[in-house]
Every structure is written in C-alpha cells, then in structure tokens.
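Asker: got a sequence here, can you model it:
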Amino acid sequence: MSTNITFHPGSVDAQERVGLLKQTGVTIWLTGLSASGKSTIACALEQHLLHLHKFTYRLDGDNVRLGLNKDLGFDEKSRVENIRRIGEVSKLFADSACIAVTAFISPYKADRQVARELHEKGGLGFIEVFVDAPLSVVEQRDPKGLYKAARAGTIKDFTGISAPYEAPDKPDIHIRTDECDVTMAVEVIIEYLTKHNYIL
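Answerer: Next up is the predicted model:
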C-alpha cells in the first residue's frame, strides 16, 4: 500500500453541491439471488428517477465486470474484492450528490456491512434493498441458463447452488418479486426515498 498519499479537497463542499443540484446523494444497494429481479428493478428505477429530473446512475454487476472488475473471478476472495470496489465507487457517486443504484448479488453480509459503513463514515446515505424471490422461482426464471449450468456442474461457485447467499436480516426495504411487479417495486423505493427526504 502507498503511504505517501494526501487527500486533496475540492473547492465545492457537500452543502453547496446539494444546494445547487437540489438533491442528496445516496446509494440504493439492491442485493439478491441471480434472476431475482435486481437489474430489472434497477433499470426501471433509474429511468423513473431521471424522468423526475434527478441525477441518477446505475451500476450493474455484469456491466462492471466487463470493465473495472474484469480481472476478478467468482471465488470468495474475488467476490469480496468485487463488492469492496463497488462500495468505493458508489460512495464516490453518492458524494457527488448522485443517486447511485447498484444491482449486485453481493452474497455476504459482512461485505454489504462494509459498504454501508463506508458510506456512513462519509455522512452519506445507504439503503439496502433485499430483492427477494425463492430459489424455486429464480431457477424457473433462469433467463441466462445459469442455474441449469450450475446444477449440471459446469459453473462452479454459483450463488444459491454451490456458493452461499446470506440474506439481509434487517434490510431497509424488502421486495418480494414473486409477489409484485416491477412498477410496484419502483413505487416502494420511491416512497422510501421521498419519506426520508432523498428526493423532494
């Protein structure tokens, strides 16, 4: 690790940025099994917020692995590093007063807690959204054929089959996608954001 590094503050402080953009930065962290609906909800939420003229950006698991995290695999160590990097990146977005919407399986409670604490130490909002669907439902959906491949043993360390998923104990928002559609899911999140003054 480098030790000869000094943080260089900018000329715009958080209060001025929030005042000019008329919104408060926050990370909306969607977690859940593959095919639970995270990316679908994230896309719809991003579009809805942008139509409300809110500065919003979506970070998706597969997309980030095509660039920033393309050097990482799917073993436990790589998964931890994947989420550590996303925690740092989403914090930067939230610090810019952006509403960052992240859609990652993020299977380990400890890693999600690290991301939360990273934001809280910076005085930034962090909303954990558990996108929940039973394993039987996501296996039936299986849009990419990943569960079928994992059951056949051709994909190793697949979350929910051969690798663990640690569900949140007390998520800020709990969405059962086997019981609601995308529109309802977005409405629940928007209601939470409004109630907690992230959007006005």
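Asker: and the longest strand for the protein?
Answerer: For the chain, the strand with the greatest residue count under DSSP state E is strand 125-132.
Asker: partners of that strand in the sheet?
Answerer: strand 26-31 (parallel), strand 173-176 (parallel) (DSSP bridges).
Asker: deepest in the core, which of those strands is it.
Answerer: Mean neighbour count (mean count of other CB atoms under 10 Å) peaks for strand 26-31 among the strands paired with strand 125-132, with a mean of 28. Where C-beta positions appear, they are placed from N, C-alpha and C, glycine not excepted.
Asker: hang on, the earlier thing: how about residues contacting the longest strand of the chain?
Answerer: For strand 125-132, the external contacting residues (CB atoms under 8 Å, 6 or more residues apart in numbering) are 24-32, 36-38, 41, 94, 112, 115-116, 119-120, 167-168, 171-177, 185, 189, 192-193, 196, 198.
Asker: just the buried residues of those.
Answerer: Neighbour-count burial (16 or more other CB atoms under 10 Å) is assigned, among the contacts of strand 125-132, to 24-32, 36-38, 41, 94, 112, 115-116, 119, 168, 171-173, 175, 177, 185, 189, 192-193, 198.
Asker: just these: which are in helices?
Answerer: Members of those lying in helices (criterion: DSSP state H): Lys38, Ile41, Ala94, Arg112, Ala115, Arg116, His119, Ala185, Ile189, Tyr192, Leu193.
Asker: farthest-separated two in these?
Answerer: Between any two of these, the greatest separation by CB to CB is 22.2 Å, found for His119 and Ala185.
Asker: can you report how many residues lie near Thr194?
Answerer: Neighbour count for Thr194, taken as other CB atoms under 10 Å: 11.
Asker: state the distance from it to Leu200.
Answerer: 8 Å (CB to CB, to the nearest Å).
Asker: same check on Leu21?
Answerer: Distance from Leu21 to Leu200, by CB to CB: 11 Å.
Asker: please apply the same query to Leu49.
Answerer: Taking CB to CB as the measure, Leu49 falls 12 Å from Leu200.
Asker: the two: who's more crowded?
Answerer: Leu49 (24 against 10).
Asker: so what's the more buried one closest to, chain neighbours aside?
Answerer: Spatially, and ignoring its direct neighbours in sequence, Leu49 is nearest to Thr56 (4.1 Å; CB to CB, 6 or more residues apart in numbering).
Asker: just the pLDDT for the nearest residue to Val131 once chain neighbours are set aside.
Answerer: With sequence-adjacent residues excluded and distances taken as CB to CB, 6+ apart, Val131 is closest to Gly32, at 3.6 Å. pLDDT recorded at Gly32 is 97.
Asker: what does Gly125 give?
Answerer: Value for Gly125, per-residue pLDDT: 97.
Asker: count of neighbours near it?
Answerer: Gly125: 21 neighbours (other CB under 10 Å).
Asker: then the one 3 residues further on?
Answerer: Counted with other CB under 10 Å, the neighbours of Glu128 add up to 20.
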